[in-house]
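[1] Sequence plus the predicted model coming up.
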Amino acid sequence: MKKSGIGPDVVTYNTLINLAPDYDTAVELQDEMKKSGIGPDVVTCGTLINLAPDYDTAVELQDEMKKSGIGPDVVTYSTLINLAPDYATAVELKDEMKKSGIGPDVVTYSTLINLAPDYDTAVELQDER
């Protein structure tokens, strides 16, 4: 691509980051992206969050994302919920998401239902509006 004189764009880097064999390689690609003058977007950040080695790293990435002016979306929050260390943390994320004006979707609720501690809690989530 580069030899043909075609420069990569944010979509190219996002695709490469998504295909990275590990988190460290993904971060290196993001650094390369920034050095070439291409800013990350919500997809870049969400992909890195998904590849994060642990929940704390994922939360740090979300904080960096917000500081750089990139607002998390439903996919970002759903990914964080999936990485949450426990159900209570997952529910806190859902509440934060709602307070931010982002409505949970079927993936968000399915992830929460999967993390629910018992059947009754799962049914309550299904019935939630």
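    Right, received. Where do you want to start?
[2] Just want to check the distance between residue 47 and residue 125.
    Counting by Cβ to Cβ, to the nearest Å, the gap from residue 47 to residue 125 is 26 Å. To be clear about C-beta, it is placed using only N, CA and C from the backbone, and glycine gets the same treatment.
[3] ok, the two, which is more surrounded?
    Ranked by neighbour count (other Cβ atoms under 10 Å), residue 47 and residue 125 place residue 47 first, with 27 against 20.
[4] my guess is residue 61 meets residue 51, correct?
    No: in this structure, residue 61 is not within contact of residue 51 by Cβ atoms under 8 Å, at 9.3 Å.
[5] contacting residues around stretch 4-20?
    Stretch 4-20 is contacted from outside by 1-2, 26, 29-30, 32-33, 36, 38-41, 43-44, 47-48, 51, using Cβ atoms under 8 Å, 6 or more residues apart in numbering.
[6] Pull out the buried residues from it.
    8, 13-14, 16-18, 20 (16 or more other Cβ atoms under 10 Å).
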